[in-house]
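Chemist: quick one, structure for this:
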Amino acid sequence: MAFGLSTLDRWLRRRRAHELAWTIAMGLFAVAALSLWWAEARGWSAASFRVFFAVGAIINVPWLALGTVYLLAGPRAGRITTRILLVFSGFAAGVVATAPMTSPIAPDRLPKGRDVFDALPRILATVGSAVPAVVIFAGAAWSAWRVVRGGTPALTTSAKRSIGSARMLAVGNLLIALGAATLSASGSLAGRLGEDTAFAVTLLTGISVLFAGFVVASNASVVRSGPTAASGPSGVPRESGQRSA
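Modeler: Numbers count the residues shown, from 1 in each chain. All right, here's what the predicted structure looks like:
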């Protein structure tokens, strides 16, 4: 919740697309956590599991990865990815909402997708969790590596950043990568901790680490979409003590 409110506040004040993407992702994580809480308190049903599966297993992580796309690849790639995600999210929500249940839902434990759904919803869950996690992890690790080597932590000139502390930005990016990896670890933890506990633990830990990385990286860099009043003709900041990246 703190992560979502923080990114929402920053987006309302600065209107940066990556912060809106993160806000949407945090809202989806909150819906997934709320559906888990509701089902644990009232018992699992087909409706609660459909919401949990669609939002928690398929749709949320892609919107988190969209923030990475905006940061590293700039607004054009971000807008294209946004359109793709809108189609993917709508399609996934429709599939999960209408997919037939292959077995009854046990009210006292978190169902497994493979036990109640056919192939398509489970394929969407694999794509929706694995591909964005790779984007987040690889993007954050690459950005940190570039900063440490003194390079530009962006793939295009439209994603310029003014870096106040390269070390802080590298640490923040690595924390973001670690948080994404933690969120993707629920499957491996499920067998040891139980499905319900595994999701709760990985959600809390992953979001906390992501939030820490967001705070550190945000304090270390500022995204610039082009020349500003504080910039020279080439858009390079005039402030001393910073280097344009």
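
Chemist: what about the helices in the chain?
Modeler: For the chain, applying DSSP state H gives helices covering 2-14, 17-42, 46-52, 60-98, 113-116, 119-148, 166-183, 186-193, 195-220.

Chemist: worst mean pLDDT among those helices?
Modeler: When these are compared by mean pLDDT, helix 186-193 comes last with a mean of 47.

Chemist: out of the helices of the chain, nearest to Pro107?
Modeler: Minimum separation from Pro107 across those (C-beta to C-beta) falls at helix 17-42, 8.3 Å. All C-beta atoms are positioned from the backbone trio N, CA, C, and that covers glycine.

Chemist: what angle separates that closest one from helix 166-183?
Modeler: 30 degrees (axes from the mean of the first three to the mean of the last three C-alpha atoms, to 10 degrees).

Chemist: name the residues of helix 17-42 that are buried.
Modeler: Neighbour-count burial for helix 17-42 flags 17-33, 35-36, 38-39 (criterion: 16 or more other C-beta atoms under 10 Å).

Chemist: how far away from the center of its chain is it?
Modeler: 11 Å (C-alpha atoms, centre = their mean, to the nearest Å).

Chemist: if we can go back for a sec, tell me which of the helices of the chain is the most buried.
Modeler: helix 166-183 (a mean of 22; mean count of other C-beta atoms under 10 Å).

Chemist: for Asp118, what are phi and psi?
Modeler: Main-chain dihedrals, Asp118, degrees, to the nearest 10: phi -80, psi -170.

Chemist: excluding its backbone neighbours, what's nearest the spatially most central residue of the chain?
Modeler: Residue closest to the average C-alpha location in the chain (C-alpha atoms, centre = their mean): Leu64, at 2.0 Å. Leaving aside its sequence neighbours, Leu64 sits nearest to Ala25 (C-beta to C-beta, 6 or more residues apart in numbering; 3.9 Å).

Chemist: likewise for Ala200?
Modeler: Nearest residue to Ala200 in three dimensions, chain neighbours excluded: Leu36, at 6.8 Å (C-beta to C-beta, 6+ apart).

Chemist: hmm, back to that, got the contact list for the residue nearest to Leu64?
Modeler: For Ala25, the contact set (C-beta atoms under 8 Å, 6 or more residues apart in numbering) comprises 60-61, 63-64, 66-67.

Chemist: I'd say Leu85 and Pro62 touch.
Modeler: Yes - using C-beta atoms under 8 Å, Leu85 is in contact with Pro62, at 5.4 Å.
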